[in-house]
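Trainee: 3D, please:
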Amino acid sequence: MSGMNAPERAAAFVLDEDAGEQKIEYSIDTKTENAGTFRFNKEDHTIGNLLRLQLLRDPNVKFAGYIHPHPLLNYIDLRVQTTTSNVAPTEVLSNAMEDLGSETDHLMMQFQEGLEQWKRDNENVMGGN
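Mentor: Residues are numbered from 1 along each chain as shown. So this is what the prediction gives:
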């Protein structure tokens, strides 16, 4: 009975669409120019750190950081500030996501090619399959 008070496991990664929960919510920072905060619901350090690092590669990004306030809270807040008002935080985040998608595709292609090469090189060991 130790898990009685534990939240449902699915609550950590499935959006509550009936309650209108959105994957990403954006709010403009009214105190800092060219800045905003993105709330990623049902995400944790994995996506937060990945996006932060990708954003920091962009010369248009002045600041990128995230917080995952508590392990039982299933969201992260990603704060982004750009170097100029000509480039919005939403634009640099969109570019970062596209770049990560391209990098992932490239990684998958390299893995498949490496696997096929390994199979060819080890054909005799694997019994000719």
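Trainee: ranges for the helices of this structure?
Mentor: 45-56, 89-121 (DSSP state H).
Trainee: could you say what helices and strands the shortest one packs with?
Mentor: When you say that, I think you mean helix 45-56. strand 61-67, strand 75-82, helix 89-121 (3 or more CB pairs under 8 Å, 6 or more residues apart in numbering; DSSP states H and E). Backbone N, C-alpha and C define where each C-beta goes, glycine included.
Trainee: Between strand 61-67 and it, find me the angle.
Mentor: Using axes from the mean of the first three to the mean of the last three CA atoms, to 10 degrees, one finds that helix 45-56 and strand 61-67 are set 170 degrees apart in direction.
Trainee: ok, now which ones touch Asp16?
Mentor: Going by CB atoms under 8 Å, 6 or more residues apart in numbering, Asp16 touches no other residue.
Trainee: distance of the residue nearest the centre of the chain from Phe111?
Mentor: Nearest residue to the geometric centre of the chain (CA atoms, centre = their mean): Ile47, 3.0 Å. According to CB to CB, to the nearest Å, Ile47 stands 21 Å off from Phe111.
Trainee: that older thread, beta partners for the closest residue in space to the residue nearest to the centre of the chain that isn't next to it in sequence?
Mentor: The shortest distance from Ile47 to any non-neighbouring residue, by CB to CB, 6 or more residues apart in numbering, is to Phe40 (6.2 Å). Using DSSP bridges, the beta-bridge partners of Phe40 come out as Ile24, Ile76.
Trainee: and Phe40, how many neighbours?
Mentor: 20 (other CB atoms under 10 Å).
Trainee: Any regions of the protein where pLDDT drops low?
Mentor: 1-3, 126-129 (pLDDT under 70).
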